[in-house]
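Trainee: Give me the fold of what follows.
(one chain, ligands or ions: 1)
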Amino acid sequence: MSQDWDAGRLNSDLEGVAFDTLAVRAGQHRTPEGEHGDAMFLTSSYVFRTAADAAARFSGEVAGNVYSRYTNPTVRAFEERIAALEGAEQAVATATGMAAILSVVMSLCSAGDHILVSRSVFGSTISLFEKYFKRFGVEVDYVPLAELSGWDAAIKPNTKLLFVESPSNPLAELVDIAALAEIAHAKGALLVVDNCFCTPALQQPLTLGADIVVHSATKFIDGQGRCMGGVVAGRSELMKEIVGFLRTAGPTLSPFNAWIFLKGLETLNLRMRAHCASAQALAEWLEQQDGIEKVHYAGLRSHPQYELAQRQQRGFGAVVSFEVKGGKEGAWRFIDATRLISITANLGDSKTTITHPATTSHGRLAPQEREAAGIRDSLIRIAVGLEDVGDLQADLSRGLAAL
Ligand SMILES: *Cc1c(COP(=O)(O)O)cnc(C)c1O
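Mentor: Numbering: from 1, shown residues only. A predicted model of the protein is given here:
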C-alpha cells in the first residue's frame, strides 16, 4: 500500500525483536481507515489515476499493484511475515504446498539438470518429481535422508538441487541441515528444505545454511484445518526467479487464505509449544506400554538422532509414530478402537489425527519399497493436536486395550 497509515510506527520498531513479536507484528500494514486487524483485499485488479500512471506501473517504473496474480496487499503481508519468521530476504505465497515445490523446480531447473531427493518425502512430492519433472528431462535420484556420505557420493556435475524434509514423515528421521548445505555448496548445488513439520517456530533452515525453504501452510501455519496454501522463502536473487514463474504461471495464494494464515501465524509459537509438549508426553507414555514395540519421536532419548535434534530444532513437533504388536490387524484394531482422535492422514490441525501409513499415505509403494523405507504394517502415526493430553492418552488406551 503506497500510503500506509502511520507506516513509520508500524514498521520501524521490529529490528531485533523476538520471534513471538514478529509472528504477531511483522508485515503489518494499515489503510487510512486505521483498522487494527489486517485488512482483507478481495480484489482481482487495481485502478490507476491516469493512463500515464497505468503505463508506469505496468513497466515497473513505479512500484504498486497491477493485478492480484502478481501482487495483493493481504498476500504480501503474509509473505513479509513469513520472511521475517524464517530469516529470509523474501518470501512468496502459493496456492498449496505442492505449488510451492512446483514453483521452485520450474524456476530453477531446466532439462538436463539433476535433482537429489530424500527417500522419505511427502507422497505427492515424489509423484511430482517422478511423473512430471522427469517427463521434461530433469533427472531425479533418491538418497536415504540421514547419511551425509550418501548425499555427497550421489551429487553429479549437473546436480542443481538437493531436496529434503527433516524431520521425515512418519519415522522422524533427521538430516544435519548445516552439514548437508556445506556438501551441496561445495559442489555448486542448492539445498531446499520442506519445513512443514517444524515450521519456523521449531527450525529455521535458512539460518542453518539452506538456500530455500518451502512450506505447506495448509498444515501448522493455518493450524486449524481451514484452508490450503504454501510459501517459498529464500534470498532475493533466487526468489526473483520464483516470483517470476508464479506471476506468469499463476498458482498464487488467495487473499482470503492469506488472511487466515496471518491469523494462524499470530498463535503459531503458542500452538507449536502445546503440540510439542503433548506429543512428548504421549511418546514417553507410549514407550512404556506393553503392546508397543517401538516409538519414533526425536524428543526421546531412544531416538538415534536425539543429539542432532536437540542442536537443530527448538522442539520435536507434533508427529509421533509407533509400532504395535499384532502387525496390520493389530494396528487396524488399535485405530478403530479410538473414539476421540480422527482417522485421517492429515496433520497440523488442532484436532489429533491417526493413520495407518502402510495402507494409506504409503499404500502405493511396493511391499519391498515399504520395507526399505521402514514403514512396517504394524506402524501407526498420530499427529497430536491441541486437545487435553489426558483425554488423548485415554483414547490411545482404548487402542492398546484392543490389541
Ligand atoms: C502436506 C504436505 C505437502 C503438500 O502440501 P499441500 O498444501 O497439501 O499441497 C508438502 N510437504 C509436506 C511435508 C506436507 O506434509
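Trainee: Distance-wise, check the spatially closest residue to Arg376 that is not a sequence neighbour relative to the ligand.
Mentor: Distance criterion Cβ to Cβ, 6 or more residues apart in numbering; nearest residue to Arg376, sequence neighbours excluded, is Glu323 at 5.7 Å. All C-beta atoms are positioned from the backbone trio N, CA, C, and that covers glycine. Computed as Cβ to the nearest ligand atom, to the nearest Å, the Glu323 to the ligand distance reads 21 Å.
Trainee: Looking at the protein, which residue is nearest the ligand?
Mentor: Gly97 (2.3 Å; Cβ to the nearest ligand atom).
Trainee: Go ahead and confirm that residue touches Val213.
Mentor: No. Using Cβ atoms under 8 Å, Gly97 makes no contact with Val213, being 11.7 Å away.
Trainee: More neighbours: which of these two?
Mentor: Val213 (27 against 24; other Cβ atoms under 10 Å).
Trainee: Model confidence at Glu371, what's the number?
Mentor: With respect to pLDDT, Glu371 scores 86.
Trainee: Identify the contacts common to Gly97 and Val213.
Mentor: Residues touching both Gly97 and Val213 (Cβ atoms under 8 Å, 6 or more residues apart in numbering) are Asp194.
Trainee: so what secondary structure elements neighbour the biggest helix by length in the chain?
Mentor: Ranked by residue count, the top helix of the chain under DSSP state H comes out as helix 268-287. The helices and strands touching helix 268-287, judged by 3 or more Cβ pairs under 8 Å, 6 or more residues apart in numbering; DSSP states H and E, are helix 19-25, helix 199-202, strand 292-296, strand 319-324, helix 389-401.
Trainee: Any residue of the second one touching the ligand?
Mentor: Just to be clear, that refers to helix 199-202. No. Helix 199-202 is not in contact with the ligand by Cβ under 6 Å from any ligand atom; minimum separation 11.1 Å.
Trainee: what mean pLDDT does the helix or strand just after that helix have?
Mentor: Using DSSP states H and E, the helix or strand that follows helix 199-202 towards the C-terminus is helix 205-208. Across helix 205-208, the average pLDDT comes to 98.
Trainee: Show residues contacting the helix or strand that helix 205-208 is followed by.
Mentor: Next along the chain after helix 205-208, taking DSSP H and E as the criterion, comes strand 212-216. Contact partners of strand 212-216, identified using Cβ under 8 Å, 6+ apart, comprise 82, 86, 88, 96-98, 100-101, 104, 190-196, 199-200, 205-206, 221, 229-234, 238, 348.
Trainee: Can you name the residues of this protein that neighbour the ligand?
Mentor: Counting by Cβ under 6 Å from any ligand atom, the residues of the chain that sit close to the ligand are 96-98, 122, 124-125, 165, 194, 196, 216, 218-219, 228, 230.
Trainee: Now do the strands in this protein.
Mentor: 90-94, 114-118, 139-143, 159-165, 190-194, 212-216, 230-234, 292-296, 319-324, 342-343, 353-355, 379-383 (DSSP state E).
Trainee: Look up how far Leu208 lies from Leu191.
Mentor: Applying Cβ to Cβ, to the nearest Å, the value for Leu191 to Leu208 is 9 Å.
Trainee: who has more neighbours, these two?
Mentor: Comparing Leu191 with Leu208 by other Cβ under 10 Å, the one with more neighbours is Leu191, at 27 against 19.
Trainee: which of the residues of the chain next to the ligand lies closest to Gly64?
Mentor: The closest of those to Gly64 turns out to be Gly230 (Cβ to Cβ; 25.2 Å).
Trainee: count of neighbours near that closest one?
Mentor: 29.
Trainee: for Gly112, same thing?
Mentor: 10.
Trainee: Backbone dihedrals for it, please?
Mentor: phi 100, psi -20 (degrees, to the nearest 10).
Trainee: What residues does the residue nearest to Ala383 when sequence neighbours are not counted make contact with?
Mentor: Using Cβ to Cβ, 6+ apart and skipping residues adjacent in sequence, the residue nearest Ala383 is Leu347, 3.4 Å away. Residues in contact with Leu347 (Cβ under 8 Å, 6+ apart) are 169, 197, 219, 318-319, 353, 383.
Trainee: can you name the two of those residues that are farthest apart?
Mentor: Phe197 and Thr353 (13.7 Å).
Trainee: Name the residue in those two with the higher neighbour count.
Mentor: Neighbour totals were compared for Phe197 and Thr353, and Phe197 leads with 26 against 21 (other Cβ under 10 Å).
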